[in-house]
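Visitor: The sequence and its predicted three-dimensional model are supplied below.
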Amino acid sequence: MKVNWQAYLDQSLSEAEMRVAEHELANNPSARQELNGLKNFLVTVRNVGQAEEVPLERLSRLLPVQPTKKSWIPRIAWSAGLVATIIAGVWFLQPQPTRVEIYTSNPFEATQWAKQRLGMDIPVMDLGSDAQLFLVHEGKQRCCFDYRVHGDTYHVNVRADDRGIRLEGTPVTLQTGTPAAIDRGVRWRERKFEFFIVGPQKNISLDLANRTSKLLTQRI
Amino acid sequence: MVSSFRTRIVGAPLYHGRVVDFLNKESIIAMRDFEARLQDELPVLYRVAKRLAKSTDTAEDLVGQTIYAAIKFKHSFDGRHLRSWLIKILRNEFNTLVRKEQARPTVLLDEVDGEVESFWDEVHWRVDAETLMRELDNLSEEHRMIIQLCDVEEISYEDAADALEIPIGTVRSRLFRARAKLRDRCAGLVQLEGELR
């Protein structure tokens, strides 16, 4: 009986045929030679077939090109640049308030200047030897006196109290008995003015507020 | 609700001037995974295409068309047997190509599972690699395909049956006959060379 060695290799022989094949392999050298020949044939076909040259680089170009994953950093940089450009454009296009300022350490001179520019009837803003005035400037209906205290800058803003704003923040009472509020700085209303003092340290801002309030009270 | 975005993404594929609009349901991540698997199958696809078409240029065209079709009809892929699915597409593309060129005569094969003569001794068939490949290409389309799939690419009988759309029993019998034919051709050359000596 001839054995189908292909069927033997892929194990599709029946049990009876398998027993015959095993018997042949055990007892017949030519059977082993046949089976080895078949195995070598299959290995040769596989090796030769798989050794064929494949132009993988050209074939890969047939695949769709996916968008490469872009870093988000350049996108943010571009976005930030665009936003900055827009802001700058808007800033330059809108009419700018005329910013007028004088550098002076003379409180009297500064107060006179403020009266002329804004028509504010405010006292001479001498807040003491440790609060050195160095600049006074005007903004939107307000006047700002800048003082140097222990190396830090504190801004004493004064504007006409015609808006009726609420004092928002932690309520405090100044030494003159005037109610005030503390948030970023110290804000209060006194006489016809609204005051807002802001600087790096709130306790110093509050101290300057007390001094300012006393000046107003003394004047009365 | 499945969001549908049909906007062509940057670098979306172009095949022969056609835009592949495949991102209507699948995410880009899934697409990348699918393409990575396609990339892995390229060598097999090319060898099978070359065995089928017997031409390197046509093989590359076939691989390109197969990739295009695979992406276009990705939704019909069950996610399990990519290789056999791709080979099935490749065969369809090849048949379409051939139909366009000429009306093909139907090749009738004897699929009867008869006895295969056993003379596998290497003395009978040992030839060089180039000759073996040439003789493989001289087999009928069905025979060279079955050898390419089962013996060269070593895909399972089940996947080969799926790719060729034939029963597993037919895969086995066709493979046995194809091997025997190839061996016969090689053996004939060996015999011829012996006579010439």
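Guide: Ah, there it is.
Visitor: Can you tell me how far the closest residue to residue A:39 other than its chain neighbours is from chain B?
Guide: Counting by Cβ to Cβ, 6 or more residues apart in numbering or on different chains, residue A:39 lies nearest to residue A:9, which is 7.3 Å off, once chain neighbours are set aside. In short, each C-beta sits where N, CA and C put it, glycine included. According to Cβ to the nearest Cβ, to the nearest Å, residue A:9 stands 10 Å off from chain B.
Visitor: again with residue A:109
Guide: For residue A:109 relative to chain B (Cβ to the nearest Cβ), the value is 65 Å.
Visitor: element containing that residue, please.
Guide: Element membership of residue A:109, judged by DSSP states H and E, is helix A:107-118.
Visitor: Buried ones in that helix, by neighbour count?
Guide: A:107, A:110-111, A:113-114, A:118 (16 or more other Cβ atoms under 10 Å in any protein chain shown).
Visitor: Pull the distance from that helix to the chain's centre.
Guide: 42 Å (Cα atoms, centre = their mean, to the nearest Å).
Visitor: What average pLDDT does it get?
Guide: Average pLDDT, helix A:107-118: 78.
Visitor: next SSE after that helix?
Guide: strand A:132-138.
Visitor: What is that next one packed up against?
Guide: If contacts are counted by 3 or more Cβ pairs under 8 Å, 6 or more residues apart in numbering or on different chains; DSSP states H and E, strand A:132-138 sits against strand A:101-102, helix A:107-118, strand A:142-149.
Visitor: any idea of the angle it forms with helix A:107-118?
Guide: Our comparison of strand A:132-138 with helix A:107-118, counting by axes from the mean of the first three to the mean of the last three Cα atoms, to 10 degrees, yields an angle of 10 degrees.
Visitor: For strand A:132-138, what is the distance to the chain centroid?
Guide: With Cα atoms, centre = their mean, you get 34 Å for strand A:132-138.
Visitor: One more: stretch A:33-47?
Guide: 68 Å.
Visitor: swap in stretch A:130-148?
Guide: Using Cα atoms, centre = their mean, the offset of stretch A:130-148 from its chain centre is 33 Å.
Visitor: so the most centrally placed residue in chain A, which of the three states?
Guide: Centroid-nearest residue in chain A: residue A:76, 9.3 Å away (criterion: Cα atoms, centre = their mean). Assigned with DSSP: H, G, I helix; E, B strand; the rest coil, residue A:76 falls in the helix class.
Visitor: before we move on, back to that, could you check how many residues crowd around the residue nearest to residue A:39?
Guide: By the measure other Cβ atoms under 10 Å in any protein chain shown, the count of residues near residue A:9 is 14.
Visitor: Return the residues in contact with it.
Guide: By Cβ atoms under 8 Å, 6 or more residues apart in numbering or on different chains, residue A:9 lies in contact with A:35, A:38-39, A:42.
Visitor: Same check on residue B:44?
Guide: B:83, B:87, B:153.
Visitor: That one and residue A:139: what is the separation?
Guide: Plainly put, residue B:44 is 76 Å away from residue A:139 if you go by Cβ to Cβ, to the nearest Å.
Visitor: From what I see, residue B:153 and residue B:49 are in contact.
Guide: No: Residue B:153 is beyond contact range of residue B:49, at 11.9 Å (criterion: Cβ atoms under 8 Å).
Visitor: By neighbours, which of the contacts of residue A:9 wins?
Guide: For the contacts of residue A:9, neighbours tallied by other Cβ under 10 Å; top is residue A:38, 22 neighbours.
Visitor: Tell me how many other residues crowd the nearest residue to that residue once chain neighbours are set aside.
Guide: Residue nearest to residue A:38 in three dimensions, not counting chain neighbours: residue B:120, with 3.9 Å by Cβ to Cβ, 6+ apart. Counted with other Cβ under 10 Å, the neighbours of residue B:120 add up to 25.
Visitor: Got phi/psi on residue B:120?
Guide: phi -90, psi 0 (degrees, to the nearest 10).
Visitor: follow-up on the earlier one: widest-spaced pair of the buried residues of helix A:107-118?
Guide: Using Cβ to Cβ, those reach their maximum pairwise distance at A:107 and A:118, which is 16.0 Å.
Visitor: Among the helices and strands packed on strand A:132-138, which comes closest to residue A:2?
Guide: strand A:142-149 (111.8 Å).
Visitor: so what secondary structure elements neighbour that closest one?
Guide: Packing partners of strand A:142-149 (3+ Cβ pairs under 8 Å, 6+ apart): helix A:107-118, strand A:132-138, strand A:152-160, helix A:202-219.
Visitor: That strand pairs with which strands, parallel or anti?
Guide: strand A:132-138 (antiparallel), strand A:152-160 (antiparallel) (DSSP bridges).
Visitor: hey, C-alpha coordinates of stretch A:127-138 in PDB?
Guide: The C-alpha trace of stretch A:127-138 is given here as PDB (Å, rounded to 0.1, in the frame of the first residue of the first chain):
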ATOM      1  CA  LEU A 127       2.300 110.800  54.100                       C
ATOM      2  CA  GLY A 128       5.500 111.000  56.200                       C
ATOM      3  CA  SER A 129       9.200 110.700  55.900                       C
ATOM      4  CA  ASP A 130       9.100 107.000  55.300                       C
ATOM      5  CA  ALA A 131       6.700 107.300  52.400                       C
ATOM      6  CA  GLN A 132       8.700 109.000  49.700                       C
ATOM      7  CA  LEU A 133       6.600 110.500  46.900                       C
ATOM      8  CA  PHE A 134       8.400 110.100  43.500                       C
ATOM      9  CA  LEU A 135       5.700 110.300  40.800                       C
ATOM     10  CA  VAL A 136       2.300 111.700  40.300                       C
ATOM     11  CA  HIS A 137       0.300 110.900  37.200                       C
ATOM     12  CA  GLU A 138      -3.200 111.000  35.900                       C
END
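Visitor: what's the closest of the contacts of residue B:44 to chain A?
Guide: residue B:153 (7.8 Å; Cβ to the nearest Cβ).
Visitor: Quickly find the element holding the nearest residue to that closest one once chain neighbours are set aside.
Guide: The shortest distance from residue B:153 to any non-neighbouring residue, by Cβ to Cβ, 6+ apart, is to residue B:44 (5.2 Å). Element membership of residue B:44 [criterion: DSSP H and E] is helix B:28-53.
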